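> Need a 3D model of the following:
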Amino acid sequence: MVQHVLVAPDKFKGSLTAAEVASRVSAGLGVPTVELPVADGGDGTVDAAVAGGFGRITIEVTGPTGERVPASYAWQSTGTAVIELAEASGLRRLPGGHEPLTATSYGTGELIADAVRRGAGRVVLGLGGSACTDGGAGMAQALGARLLDAEGRDLPRGGAALKDLARIDLSGFLDISGVEFVVASDVDNPLLGPHGAAAVYGPQKGATPEDVTTLETALARLAAVATTTHGLMGAVEHDGV
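Numbering: from 1, shown residues only. Next up, the predicted model:
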């Protein structure tokens, strides 16, 4: 005879959060249950961590189109932070529709910076549900990187601007040398090519075929400059961050 049932759902995207699904399933079973909402790195990752016992920290950050928005991350007193790309830089943060060429991951970098300054020794970064295809450039800018064109001018935020990238200056980058980063994601697309970030995920964020070409060129430039100057940019890009 069943004594307990563990109810551990992910969200039903577009209708119910993971916590709401767990609550409704539990109500319908009629037996003792343990509710444990889960997530795949996308929307709801912070909520799942909070349901598992983490606290919640909410600050104001830059949304994908430059507006200021309240965004949360999960915090454990041992120094672990769970940060969700979709929380600060997600599709749900687009007030006026998609902006595939200019949307930025800057706000996610602000969340990371806040957690590091609070003493985080471990950051779990959930990737998924983003509104941007900037290769994480905005996130790096928020952490102190300067992305410069050939004239030494700072690039505007957004993926398309990266086509003019000439140099990356990390002299003002936040010290994260003692922080462990763990990526939570359920995809492993390459950065470039027909299965890459722009080609696969760009259209989901409103990119036209012409936009995809622009973003592909820009991401290739980012990879080339980063590899040449700092040995950065591995081959994997998750959900077009």
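> any idea of the pLDDT on the spatially most central residue of the chain?
By Cα atoms, centre = their mean, the chain has its centre lying nearest to residue 85, at 2.2 Å. Listed pLDDT for residue 85 reads 95.
> so it touches residue 123, yeah?
No. Residue 85 is beyond contact range of residue 123, at 12.0 Å (criterion: Cβ atoms under 8 Å). All C-beta atoms are positioned from the backbone trio N, CA, C, and that covers glycine.
> any idea how far the residue nearest to the centre of the chain is from residue 4?
Separation of residue 85 from residue 4 (Cβ to Cβ, to the nearest Å): 34 Å.
> same check, this time on residue 129
Taking Cβ to Cβ as the measure, residue 129 falls 32 Å from residue 4.
> between the two, which one's more packed in?
residue 129 (23 against 9; other Cβ atoms under 10 Å).
> out of everything not next to it in sequence, what's closest to that one?
residue 86 (3.4 Å; Cβ to Cβ, 6 or more residues apart in numbering).
> Repeat that for residue 60.
Residue 60 sits nearest to residue 68 (Cβ to Cβ, 6+ apart), 5.3 Å away.
> so who does residue 157 touch?
Residue 157 sits next to 66, 102, 104, 106, 134, 137, 138, 141 when contact means Cβ atoms under 8 Å, 6 or more residues apart in numbering.
> try it again with 10 Å
By Cβ atoms under 10 Å, 6 or more residues apart in numbering, the residues touching residue 157 are 62, 64-66, 102-106, 132, 134, 137-138, 141-142, 147.
> Just the buried ones from those?
62, 64-65, 102-106, 132, 134, 137-138, 141-142, 147 (16 or more other Cβ atoms under 10 Å).
> separation between the residue lying closest to residue 142 once chain neighbours are set aside and residue 86?
Leaving out its chain neighbours, the residue that sits closest to residue 142 by Cβ to Cβ, 6+ apart is residue 109, at 2.7 Å. According to Cβ to Cβ, residue 109 stands 14 Å off from residue 86.
> thought residue 167 was touching residue 148?
Yes. Residue 167 lies in contact with residue 148 (Cβ atoms under 10 Å); the separation is 4.6 Å.
> Now do the shared contacts for these two.
residue 225.
> out of the two, which sits in the more crowded spot?
residue 148 (17 against 13).
> so how far is residue 103 from the more buried one?
In terms of Cβ to Cβ, residue 148 sits 21 Å off from residue 103.
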